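Trainee: Quick one: sequence and predicted model below, then my questions.
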Amino acid sequence: MTNPIISAQHLKKEYRMSKDNIVHALNDVSVNIYPGDFSAIIGPSGCGKSTLMHILGLLDKPDAGNLTIEDKDVMKLSESEAVKFRANRIGFIFQGFNLLPSLTALENVILAGKYGGLSSSQRRIKAKQLLEMIGLGDRINHKPNELSGGQQQRVSIARALINNPTIILADEPTGELDSNTSMEIIDLLKKLNRDNQQTFVLVTHNLEVADQCRTIIKLKDGHNDN
Amino acid sequence: MVSYNILEYLVIIKSIHSMFNEIFRNMWRKKLRSMLTIFGISIGILAFTVMGSLALRFNKMIQGGKKYVTGQITLAPKGTNFGMGGAGGTLPVDTLNKISKVDGVEAVAAGIEMPMEEPNLDQATVSMGPAPTIEGMDLSSKFKNRNWETLAMKEGRMIEASDPVNSVTIGYTISTDKGLKTGDAMKIRGQDFKVLGIVDKTMTGPDTYIFMPLSVARDLYIESNPFLKSLKEQAANAQEISDSALAKLPAETRAQIEQARTFKVEDISTGAAVSWKDGYDSDQVAQRIKDQFKDEVIVMSPKALGEMIDKASAVFNSVILGSAILALIVGGFSIINTMVMSITERTKEIGIKKAIGASSRSIAREYTIEAGIIGLIGGLIGIGLGSLMIVIINNAVANKSGAIFELSPVFLAIVLAFSFGLGMTAGLLPAWRASKLRVVEALRQL
């Protein structure tokens, strides 16, 4: 059996909101995700889904527990090493798209390529290819506010893909989209998963979306919900 | 080995272009605020440009003066302000002759320095530069200023001992102010003179000088001073009395007439310059003169005068430096303020950038450059307005006393670099704060 590409064991994370109010966002959560998987983390809101995704994406650090990605103990990475690791191995897709409003679709994608260390010509060529592949070839010079929600999410998918990451983390990727558009986006993600053998982890509370995933990880109140 | 082809260069240019594009678009998003910040810096840089150009002009003038006075030992009459021969003090010719025999002294040249025109307080005009000055020169003296043996001529030549006594050579500013050329006639204090030449622009003293033979300047000086004029007349009258007639006069009257006879116009000099022989130390020679004649003349060694001038220009320069620091503080804080606000507004963007792989360093760099560009634009506007102001003022006063500002491209380039540096420095703190934002918290912002 292959090793998990992401192995998180006994993760704990708490947020101190005030002196007496401590929120246990994650309380002993363990997850294994295998290469090429298309998995969903589901659960009611406030169950710790987003916190888990932030930790898996090295955007945040757990208070306790172990995390290895591609057999590397990422807990031991320094901040700048984590930045580099994240830029090259992990792509992010956010619920609110999180595109930079002052940049065009093309520039948004190019920027991620720049942070990932691609040369200026490489990133420009690749960004164009990706936007064409996901069906936005005629919209590359539009700003986010000139694009529909579905189109914006496609831009953010292209942005997540530009550095050829092995893992793509999507936080409620269809959260702000109507159901038709949601299914188009999920189909696109599935196609990418099939074609490129990239590992996808979707955080969602949409059960229709979760139904499309091969593996489902359930969380409840900061625990694994088996 | 990295090698780039032309296409690669084009792409690099395009990516630099897109970085600046983003910065300008970010600034454009908050037009009013960006404009106000830039305006604040512009005012500071404007002040810096104008004050700096004034200082440059002034320093050039002062340095020219310094070059001159450090090339000679300068003598001034006792009881006068140095240099201007005020209070009617003069240097007796006997004393000057004695000084010329001091060990190390090569030559002593007496001189007359006086304003070209009597100040007319009823019709006071505002003069921005040094006033036109008559320089009476001893053309037969062997004296040469060590740093300034000859003045470069724009046209014609310097007056010489063999020229008619009504010959003058004039400074560049005098010629432009009065529209005079070589060969033209001019009236000075009611007398007619002929211009033999025009000295090339020196940016210092000689620009406003009228060089004429010492004897002529002396006459003008005596004529302008009622006390000296009456002394001269009395002497002339006393000379007319024959010795036999004098012998018959009472002893007291005779003594007065004999006293009046001792007056010599050669005793009238408002200053003198001393040159030293090769191989001698100027300060030692000056000290030697001082030791022997300290009751008769004020002796200024090249070193002492040089130091005096440096002190004066240091005061002036510190005023300029003060204005630059003020520009720095005002402009700097307004940039800090703007950048802190921009970063607060863009917290989420910074979070996004970090989430997609931006390092803290690249975030800090982006914001530092943005602040630098705000400084640069403010600098460009300030320099533009300042230069415009300088050109207008210079042109307006050019017909009276010559330029009062020195517009130097090198200085402007320094000011521009300074404003960019100021912006970047002011941006450092906000940029550092931005780079330290925690991604997850930044992303939660709306």
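Mentor: Yep, that arrived.
Trainee: Can you give me the distance of the nearest residue in space to A:Ser80 that is not next to it in sequence to A:Val83?
Mentor: Nearest residue to A:Ser80 in three dimensions, chain neighbours excluded: B:Ser359, at 6.1 Å (Cβ to Cβ, 6 or more residues apart in numbering or on different chains). From N, CA and C alone the C-beta is placed, and that goes for glycine too. Computed as Cβ to Cβ, to the nearest Å, the B:Ser359 to A:Val83 distance reads 5 Å.
Trainee: how close does the residue nearest to A:Ser80 get to B:Ile383?
Mentor: Spatial separation of B:Ser359 from B:Ile383 under the definition Cβ to Cβ is 35 Å.
Trainee: more neighbours, the two?
Mentor: Using other Cβ atoms under 10 Å in any protein chain shown, the more surrounded residue of B:Ser359 and B:Ile383 is B:Ile383, with 21 against 18.
Trainee: in chain A, which spans are strands?
Mentor: Counting by DSSP state E, one finds strands in chain A at the ranges A:6-16, A:22-33, A:38-42, A:64-69, A:72-73, A:90-93, A:167-171, A:199-204, A:215-220, A:223-224.
Trainee: weakest of those strands by average pLDDT?
Mentor: Out of those, the stretch the model trusts least by mean pLDDT is strand A:223-224, with a mean of 82.
Trainee: for chain A, what are the nearby residues on chain B?
Mentor: Listed as neighbours of chain A in chain B under the rule Cβ under 8 Å from any Cβ of the partner chain: B:7-8, B:11-12, B:14-15, B:18, B:21-22, B:25-26, B:29, B:348-349, B:352-362, B:439-440, B:443.
Trainee: any chance you could map the helices in the stretch 151-300 of chain B?
Mentor: Assigned by DSSP state H, counting those that start in this stretch, the helices in the stretch 151-300 of chain B fall at B:172-178, B:214-224, B:226-240, B:243-248, B:251-261, B:282-293.
Trainee: So for the first one, mean pLDDT?
Mentor: Same thing as helix B:172-178. Helix B:172-178 shows a mean pLDDT of 85 in the predicted model.
Trainee: other SSEs contacting that helix?
Mentor: When contacts are defined as 3 or more Cβ pairs under 8 Å, 6 or more residues apart in numbering or on different chains; DSSP states H and E, helix B:172-178 packs onto strand B:191-199.
Trainee: what sits up against the strand it packs on?
Mentor: Defining contact as Cβ atoms under 8 Å, 6 or more residues apart in numbering or on different chains, one finds that strand B:191-199 is touched by B:151-159, B:163-164, B:166-172, B:175, B:180-187, B:206-207, B:209, B:211-212, B:220.
Trainee: contacting residues for residue 142?
Mentor: Since no chain was named, I'll use chain A. Contacts were defined as Cβ under 8 Å, 6+ apart; by that measure A:His142 touches A:104-105.
Trainee: Hmm, no, I was thinking of chain B.
Mentor: Under the criterion of Cβ under 8 Å, 6+ apart, the contact list for B:Lys142 reads B:106-107, B:275.
Trainee: Make sure B:Ala273 is actually in contact with B:Glu106.
Mentor: No - here B:Ala273 does not reach B:Glu106: they are 11.0 Å apart, not a contact under Cβ atoms under 8 Å.
Trainee: Which residue would be the closest one in the stretch 301-446 of chain B to chain A?
Mentor: Across the stretch 301-446 of chain B, no residue is closer to chain A than B:Gly357, which sits at 2.7 Å (Cβ to the nearest Cβ).
Trainee: That residue falls within a strand, correct?
Mentor: No - with the criterion set as DSSP: H, G, I helix; E, B strand; the rest coil, the secondary structure at B:Gly357 is coil rather than a strand.
Trainee: and the strand or helix carrying B:Leu443, average pLDDT?
Mentor: Following DSSP states H and E, the helix or strand that holds B:Leu443 is helix B:439-444. Along helix B:439-444, the predicted confidence averages to a pLDDT of 79.
Trainee: So which other helices or strands are in contact with that helix?
Mentor: Other helices and strands packing on helix B:439-444, by 3+ Cβ pairs under 8 Å, 6+ apart, are helix B:347-355.
Trainee: For the helix it packs on, name the packing helices and strands.
Mentor: Packing contacts for helix B:347-355, counted by 3+ Cβ pairs under 8 Å, 6+ apart, involve helix B:360-397, helix B:439-444.
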